[in-house]
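Novice: 3D model of this:
(one chain, ligands or ions: 2)
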Amino acid sequence: MTSNKQIAVIVIPTYNEAGSIGEMIEYLNTKTFPSLDQKWDMKILVVDSNSPDGTGKIVSEKSKKYSNTFLFAETSKDGIGAAYLKGFKYSMEKLNADFIFEFDSDFQHPPESIPGMLQAMDEGYDYVIGSRKIKGGSNPKGWGFKRVFLSEVGSMIARLVMFFPFKNFFKVTDPTTGLKITRVKGFTDHLNLDFSHLYTKSFGYKFQLLFETLKLGAKFKEVPLQFGLRETGESKIEKQATIEMLMVVFKIRWYDDFTQKFLKFGIIGGFGFVVNVVGAKVFKSIMITPTSNLSYLNGIANAMASELAIISNFVFNNLWTFAANKITSPKIFISKFITFNLSSIVTGIVIPSVVIAILTSIFGDYLFLYQIIVIFGLTIPLNWFVYNKFIWKKK
Ligand SMILES: Nc1nc2c(ncn2[C@@H]2O[C@H](COP(=O)(O)OP(=O)(O)OP(=O)(O)O)[C@@H](O)[C@H]2O)c(=O)[nH]1
Ligand SMILES: [Mg+2]
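Specialist: Ligands and ions are numbered 1, 2, ... in the order given. Take a look at the predicted model:
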């Protein structure tokens, strides 16, 4: 009978929410759930950090009344991030969740958002979040200037640091939102739910899960969220949260594979440049004689040094940047090296020279400026593309 039902678990972390949690459980069970299509098997999981105000007791009473309502009683207060991860594990292992909501007990997340979010899952989305920034969404009317300012600036920085210049920068308008639904299969079940892996166990977890879930290729959408004003209880956002959240977004971007690879690629490219300049000097000083033809000598010295730089780039990128796809077989090594050499000539000499010639004919003689433009605008991006797509293609 339950086989074609879809199980959605609403995970609600609480710390001293005695003023709202009972009402929330009642509201969901008597108003929200009955309005949903019969195929949804809705469950509520409250993860309570042993709240001194008796939140846990209220939930445990409600769980006797409603068989779909569960209490996960934490023995310690480990932060909202840790609470969610515990809740995710429990939802998957004990409640067989197909979908998991992240939801607040204090009525700031309107239960009316739930049907639309479920429908999006039905349409094939994997990850849907409530956004205050898109049409139809809003911040609480009662928020003071300071809170609005922190929230706006904070989200912009988070978006920039985590996603710029990639498409998610434009798609994720509200990275600090707490209202989310995630498809378990392929996503929550692929996340590392060990909280030692979180950069922070408190609010910054939101960024990390957002980043990692999108990285798994989740089909993503935002729905409008009219974020309400907290009606009862106290805000748990700690003072240090802002700085901590900034640290988290930097760490997320810094330790991402892509960033690490790109940095290594940059360092090796910079080293190649040094090899080219220093190498040309060394070759010249070795080969020079009192009767040398200087123009011929400079040309030869530069050509030799450039080849040395190409070899250095190839060898070190193979050993370090693309170590995960390292070329080891001698036969492939040689054929890739030939390709690498040819592409280096095209991306480093042919294309830049033609573009510089064209720019000069249009705008006049600004050689140094053009060199900077072609190196950063053409050679570096083209090399990055060729290395990833042809030389060290992922298997
Ligand atoms: N289990 C658990 N829940 C927590 C912890 N810290 C916060 N929460 C809960 O996480 C939810 C979100 O925290 P809030 O303080 O409401 O944060 P907010 O909604 O962004 O901010 P406000 O507008 O001030 O309410 C609330 O339901 C809290 O009770 C914690 O350490 N453990
Ligand atoms: Mg709140």
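Novice: check which helix or strand Asn16 maps to.
Specialist: For Asn16, there is no host helix or strand (DSSP states H and E).
Novice: now the one 10 residues further on
Specialist: Counting by DSSP H and E, the element that carries Glu26 is helix 21-27.
Novice: kindly report the same for Phe72.
Specialist: Per DSSP H and E: strand 69-73 holds Phe72.
Novice: get me the contact residues on the protein for ligand 2.
Specialist: Asp104, Asp106, Gln108, Arg230 (Cβ under 5 Å from the ion). Placement of C-beta: from N, CA and C, glycine included.
Novice: re earlier: pull out the CA atoms of the next helix or strand after the helix holding Glu26 and give them to me as CSV.
Specialist: On the C-terminal side of helix 21-27, the nearest following helix or strand under DSSP H and E is strand 40-48. The C-alpha coordinates for strand 40-48 follow below in CSV (Å, rounded to 0.1, in the frame of the first residue of the first chain):
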residue,chain,number,x,y,z
TRP,A,40,2.6,12.3,-0.2
ASP,A,41,3.4,10.5,3.0
MET,A,42,4.4,13.4,5.3
LYS,A,43,6.5,13.1,8.4
ILE,A,44,7.8,15.6,10.9
LEU,A,45,11.1,15.1,12.7
VAL,A,46,12.1,17.6,15.4
VAL,A,47,15.7,17.6,16.3
ASP,A,48,15.9,19.1,19.8
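Novice: neighbouring strands of strand 40-48 in the sheet, and parallel or not?
Specialist: strand 6-14 (parallel), strand 69-73 (parallel) (DSSP bridges).
Novice: quick one on the thing from earlier: buried residues of the strand holding Phe72, list them for me.
Specialist: Thr69, Phe70, Leu71, Phe72 (16 or more other Cβ atoms under 10 Å).
Novice: could you do stretch 164-177 as well?
Specialist: For stretch 164-177, by 16+ other Cβ under 10 Å, it's Asn168, Val172, Thr173, Asp174, Pro175, Thr176, Thr177.
Novice: then stretch 85-104?
Specialist: Result for stretch 85-104 [16+ other Cβ under 10 Å]: buried residues 85-88, 90-92, 95, 97-104.
Novice: hmm, who's touching that stretch?
Specialist: The contact list for stretch 85-104 (Cβ atoms under 8 Å, 6 or more residues apart in numbering) reads 6-13, 43, 45, 47, 70, 72, 74, 84, 109, 114, 117-118, 121, 178-185, 188-189, 191, 193-195, 198, 205.
Novice: residue contacts, the residue nearest the centre of the chain?
Specialist: The structure's the chain has its C-alpha centroid closest to Phe211; by Cα atoms, centre = their mean the separation is 2.5 Å. Phe211 makes contact with Met162, Ile252, Asp256, according to Cβ under 8 Å, 6+ apart.
Novice: right, and the first one touches Arg253 too?
Specialist: Put plainly, it is Met162. Yes: at 5.6 Å, Met162 counts as touching Arg253 under the criterion of Cβ atoms under 8 Å.
Novice: show me which of the two is the more surrounded one.
Specialist: Met162 (23 against 18; other Cβ atoms under 10 Å).
Novice: so how far is Lys57 from the more buried one?
Specialist: Counting by Cβ to Cβ, to the nearest Å, the gap from Met162 to Lys57 is 39 Å.
Novice: same question for Val278.
Specialist: For Val278, the distance to Lys57 - Cβ to Cβ - is 73 Å.
Novice: nearest to ligand 2: which residue in the stretch 201-350 of the chain?
Specialist: Arg230 (4.9 Å; Cβ to the ion).
Novice: now do the contacts for the residue nearest to that residue when sequence neighbours are not counted.
Specialist: Closest residue to Arg230 apart from its sequence neighbours, by Cβ to Cβ, 6 or more residues apart in numbering: Asp106 at 4.8 Å. The contact partners of Asp106, taken as Cβ under 8 Å, 6+ apart, are Glu17, Ser20, Arg230, Glu231, Thr232, Gly233.
Novice: please convert the buried members of those residues into ChimeraX selection syntax.
Specialist: Applying 16+ other Cβ under 10 Å to the contacts of Asp106, the buried members can be selected in ChimeraX as follows:
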select :17,20,230,233
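Novice: could you single out the nearest of the contacts of Asp106 to ligand 1?
Specialist: In terms of Cβ to the nearest ligand atom, no member of the contacts of Asp106 lies closer to ligand 1 than Arg230, at 3.8 Å.
Novice: got the domain ranges for this structure?
Specialist: 6-255, 258-391 (automatic domain parsing).
Novice: closest to ligand 1 out of these?
Specialist: Evaluated over the domains of the chain, closeness to ligand 1 peaks at domain 6-255, with 2.8 Å, by Cβ to the nearest ligand atom.
Novice: hmm, the closest one touching ligand 1?
Specialist: Yes: against ligand 1, domain 6-255 shows contacts by Cβ under 6 Å from any ligand atom at 13-15, 17, 47-49, 77, 79-80, 83, 104-106, 108, 178, 230, 235-237.
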